[in-house]
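Student: Structure, please.
(one chain, ligands or ions: 2)
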Amino acid sequence: MQKSASTSSLGPGGLDLSQVFFKLIPNSAPPSSTSRSTKISVIGAGNVGMAIAQTILTQDLVDELALVDAKPDKLRGEMLDLQHAAAFLPRTKILASVDYSATVGSDLCIVTAGARQVAGESRLNLLQRNVALFRDIIPPLVKYSPECILLIVSNPVDVLTYVAWKLSGLPSNRVVGSGTNLDSSRFRFLIADHLDVNAQDVQAYIVGEHGDSSVALWSSISVGGVPVLSFLKKQHIAYEKETLEKIHKAVVDSAYEVICLKGYTSWAIGYSAANLARSILRDQRKIHPVSVLAKGFYGINSGDDVFLSLPALLGRGGVLGVTDVHLTEEEAARLRESAKTISEVQNQLGL
Ligand SMILES: NC(=O)C1=CN([C@@H]2O[C@H](COP(=O)(O)OP(=O)(O)OC[C@H]3O[C@@H](n4cnc5c(N)ncnc54)[C@H](O)[C@@H]3O)[C@@H](O)[C@H]2O)C=CC1
Ligand SMILES: CC(=O)C(=O)O
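Tutor: Ligands and ions are numbered 1, 2, ... in the order given. Reported below is the predicted structural model:
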């Protein structure tokens, strides 16, 4: 399955109308060989994959978007539905196939395929089912796009980013998990709501596992450049540790609440992944809390190759570096605990 019926050969006898519709400019120069089109492939055309695809399209991030899923009818339906919005969107070639050859030459491959949680289920519970799928998904992706960057979204995202790294054979800077970019947005939303300011003016990181053992970096919070906790201290304004814990708990509970209410989460992860795609493909060199190979950073030297979220500099080369945010002793200990949780799960895989 490829594009919908081409309109370029609708003339009598299959005449290519695009050749007669326009008077071509004689002796025009060929397109510049330096201008290269960009391509993203999204694997898994479910709630999350389609939210990511539509955000990418509305934000005009690529020239070509390929969708892959195991269900051909659902896939074709999604492709046609997006193609029918062509008149309202920047021009993007959209294709879809159950065959991975459709992904050939991708700059970025975003993997969302797999089982999702039912109400009350933890992300880690999905592991065995999704590792089995990754064995079918990752090798053909890398075969068709050996130069790509892999962005993993399927859960449990940290362990699956490790699995994708192992199965792909790619250098670790080209394998990234969407990690706590989403949790940090939820965190920023809650703080912004509390202070009645724009969430884009709130800097705040959640790091560690995208899940129950995530770590809120309270010392990292600043609003409009003002570090919040030290400002409160200087003003002798007391704040309760429980209030902070409650905000973090609300972040951790966010996904469970949305899943309980609507069955799945989709819009926020759609924006989160498109935000990461922009930083990578447009070489924005922005700092995002995303799942990266954490060994050697923040005292994580467990001997295991653990992926978890740290504030990372993202650009066209993938992960360009990890920033050294000041952590309190308690935050550092929690981060190492989060690494241990992930490492224990990972060790059961025998990869
Ligand atoms: N990292 C994050 O922040 C988030 C991660 N997720 C995760 O994203 C994943 C997808 O969630 P939804 O889209 O809601 O699920 P969904 O059930 O709507 O979609 C999953 C899709 O994967 C496809 N699929 C299954 N096996 C496949 C294979 N071998 N090859 C290609 N496609 C295959 C299915 O046909 C389906 O269309 C889940 O693991 C979920 O937990 C969801 C939200 C946020
Ligand atoms: C499902 C999930 O991982 C989330 O929305 O955070």
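Student: residues in the stretch 1-150 of the chain within reach of ligand 1, list them.
Tutor: When proximity is defined as C-beta under 6 Å from any ligand atom, the stretch 1-150 of the chain approaches ligand 1 at 43-49, 68-71, 112-117, 126, 133, 136-137. Placement of C-beta: from N, CA and C, glycine included.
Student: So what's the residue count around residue 101?
Tutor: 12 (other C-beta atoms under 10 Å).
Student: Could you report the separation of it from residue 66?
Tutor: Remark: distance between residue 101 and residue 66 (C-beta to C-beta, to the nearest Å) = 10 Å.
Student: Residue 163 too?
Tutor: With C-beta to C-beta as the criterion, residue 163 and residue 66 are 22 Å apart.
Student: of the two, who's got more company?
Tutor: Higher neighbour count among residue 163 and residue 66: residue 66, with 28 against 24, using other C-beta under 10 Å.
Student: is that one in a bridge, and if so with what?
Tutor: On the basis of DSSP bridges, residue 66 takes part in beta bridges with residue 41, residue 95.
Student: Quick check: it touching residue 106?
Tutor: Yes - if you go by C-beta atoms under 8 Å, residue 66 and residue 106 touch, sitting 6.8 Å apart.
Student: what touches both of those two?
Tutor: Common contacts of residue 66 and residue 106 (C-beta atoms under 8 Å, 6 or more residues apart in numbering): 39-41.
Student: Among those, which one has the most neighbours?
Tutor: When neighbours are counted by other C-beta under 10 Å, residue 40 leads these with 30 neighbours.
Student: ok, now how distant is that one from residue 27?
Tutor: 35 Å.
Student: so how many other residues sit close to residue 34?
Tutor: Neighbourhood size, residue 34 [other C-beta under 10 Å]: 5.
Student: Residue 304 too?
Tutor: As a measure of burial, residue 304 has 16 neighbours, counting by other C-beta under 10 Å.
Student: before we move on, what about residue 234?
Tutor: Per other C-beta under 10 Å, the neighbour tally for residue 234 reads 9.
Student: Nearest spatial neighbour of residue 145, chain-adjacent residues omitted?
Tutor: With sequence-adjacent residues excluded and distances taken as C-beta to C-beta, 6 or more residues apart in numbering, residue 145 is closest to residue 106, at 4.1 Å.
Student: residues in contact with the one you found?
Tutor: Contact analysis of residue 106 by C-beta under 8 Å, 6+ apart lists 39-41, 66, 141, 144-145, 148.
Student: Try it again at 7 Å.
Tutor: 39-41, 66, 145, 148 (C-beta atoms under 7 Å, 6 or more residues apart in numbering).
Student: Which pLDDT value goes with it?
Tutor: For residue 106, the model assigns a pLDDT of 98.
Student: Any figure for the gap between it and residue 239?
Tutor: As judged by C-beta to C-beta, residue 106 and residue 239 stand 47 Å apart.
Student: about what we covered before: for the residue nearest to residue 145, helix, strand, or coil?
Tutor: coil (DSSP: H, G, I helix; E, B strand; the rest coil).
Student: measure it to ligand 1 for me?
Tutor: 15 Å (C-beta to the nearest ligand atom, to the nearest Å).
Student: same check, this time on residue 337
Tutor: Taking C-beta to the nearest ligand atom as the measure, residue 337 falls 21 Å from ligand 1.
Student: Next: residue 261.
Tutor: For residue 261 relative to ligand 1 (C-beta to the nearest ligand atom), the value is 14 Å.
Student: element containing that residue, please.
Tutor: helix 241-262 (DSSP states H and E).
Student: Buried residues, that helix. List them.
Tutor: Residues of helix 241-262 classed as buried under the neighbour-count rule (16 or more other C-beta atoms under 10 Å) are 247-248, 251-252, 254-256, 258-259.
Student: got those residues as JSON lines, with pLDDT columns?
Tutor: Listed next are the buried residues of helix 241-262 as JSON lines, based on pLDDT from 0 to 100:
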{"residue": "247", "pLDDT": "92"}
{"residue": "248", "pLDDT": "94"}
{"residue": "251", "pLDDT": "96"}
{"residue": "252", "pLDDT": "96"}
{"residue": "254", "pLDDT": "96"}
{"residue": "255", "pLDDT": "95"}
{"residue": "256", "pLDDT": "94"}
{"residue": "258", "pLDDT": "97"}
{"residue": "259", "pLDDT": "95"}
